[in-house]
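A.B. asks: Please work out how this folds:
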Amino acid sequence: MAPSQQTTSDLRSALQRLGVGARSELYISIIDSEAERADIEDYGRRTENNAYGPILDALNAFLRSLRRSRLASDRIGTKLSALPQPALPFIRLELMRRLDREIDLEKEDWSKPELRQTLEHAVSHARLWFRKNPGPREAAGRAGFSRSVALLYEQITGKEPGLSNQLGRKGYTTPFEELWLASLRLVITDAKLDGAREIYRTASGRRKA
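C.D. replies: Here you go, the predicted structure:
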C-alpha cells in the first residue's frame, strides 16, 4: 500500500500529538501494515484460510524455544531473523517501548538476562497482532483494523480509546479519534469522522453490528 503524502502527514501529526517522538515512522509502518491486512480481509473475507496463522505459529514456536532452552545469543539472533518479516516491527516496537531506547534486532546481545526476558515479553505481546478472536465477534477487515489502532493507542498512551460524543463536548475530537481517522484514510481515502466513529463503535461492541 502506498499512502498519499497528505495521508501520511496527517497520520504523522496525530502520532506526534500522542508524544511518540522519533518513533513515528515505525508506528506508521505498523499502521500501514494493518491497513493492508484490512484490505486483504475485506476483499476475500477469509474463512478456511488464515494468511496470518503461519505468523502466529512461528511466534509461538519461537517463544517456546526462548522459554524452554538456553539458546546462545547468536542462535537467538538467527531464529529471530528467520521469523516472518511482518512480525519483526511489532517485536522491535515493543522492545523499544519497554527498554526506552533504539533497538537493532541484528546486533543486540541476547545473552543478557534482562534483554532476553524483555524479548520474551515482546514476542508474547506481538502475538496479539496476529491472533484471530474466536466466535461471531471475530475482527475482520476495517473492524479488525480499528481494534489494531485502538491497541496501538493504548500501548502509546496507557489509556483506553475515547470517543468525543461520550464526553459530551460538541465539536471536540479526541486524540484517539484523530489517530483512527488518519489511519482509516489509508483504506478509505475520503473517510469522514462520523463513519470512523461508527466502525469503531461496532468493532468494540459499543453498537450492535
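
A.B. asks: report the longest helix in this structure, please.
C.D. replies: Counting by DSSP state H, the longest helix found in the chain is helix 24-44.

A.B. asks: and that helix, what does it pack onto?
C.D. replies: For helix 24-44, the packing partners by 3 or more C-beta pairs under 8 Å, 6 or more residues apart in numbering; DSSP states H and E come out as helix 5-17, helix 88-99, helix 141-157, helix 175-184. Glycine gets a C-beta too; all of them are placed from N, C-alpha and C.

A.B. asks: nearest to residue 130, of the ones you listed?
C.D. replies: Smallest distance to residue 130 across those (C-beta to C-beta): 8.4 Å, for helix 88-99.

A.B. asks: can I get the CA coordinates of that closest one in PDB?
C.D. replies: The C-alpha coordinates for helix 88-99 follow below in PDB (Å, rounded to 0.1, in the frame of the first residue of the first chain):
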ATOM      1  CA  LEU A  88       9.500  -8.100  13.300                       C
ATOM      2  CA  PRO A  89       8.400  -4.400  13.500                       C
ATOM      3  CA  PHE A  90       6.000  -5.400  16.300                       C
ATOM      4  CA  ILE A  91       8.700  -7.100  18.300                       C
ATOM      5  CA  ARG A  92      11.100  -4.200  17.800                       C
ATOM      6  CA  LEU A  93       8.500  -1.700  18.800                       C
ATOM      7  CA  GLU A  94       7.600  -3.500  22.000                       C
ATOM      8  CA  LEU A  95      11.300  -3.800  22.900                       C
ATOM      9  CA  MET A  96      11.800  -0.100  22.300                       C
ATOM     10  CA  ARG A  97       8.800   0.700  24.400                       C
ATOM     11  CA  ARG A  98       9.900  -1.400  27.300                       C
ATOM     12  CA  LEU A  99      13.600  -0.500  27.200                       C
END
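
A.B. asks: Would you indicate which residues of stretch 147-162 are buried?
C.D. replies: The neighbour-count criterion (16 or more other C-beta atoms under 10 Å) identifies 147, 148, 149, 150, 152, 153, 156, 161 as the buried residues of stretch 147-162.

A.B. asks: Contacts for the worst-scoring helix or strand of the chain on mean pLDDT next, please.
C.D. replies: Between all helices and strands in the chain, the lowest mean by mean pLDDT, DSSP states H and E belongs to helix 24-44, at a mean of 81. Contacting residues not belonging to helix 24-44 are listed as 1, 3, 8, 11-12, 15-16, 20, 46, 51-52, 86, 89-90, 92-93, 96, 129, 140-142, 144-145, 148-149, 152, 156, 183, 186-187 [C-beta atoms under 8 Å, 6 or more residues apart in numbering].

A.B. asks: quick one: low-confidence parts of this structure?
C.D. replies: 1-4, 40-51, 132-140, 165-171, 206-209 (pLDDT under 70).

A.B. asks: May I see the buried residues of stretch 110-119?
C.D. replies: Within stretch 110-119, the residues that count as buried by 16+ other C-beta under 10 Å are 110, 115, 116, 118, 119.
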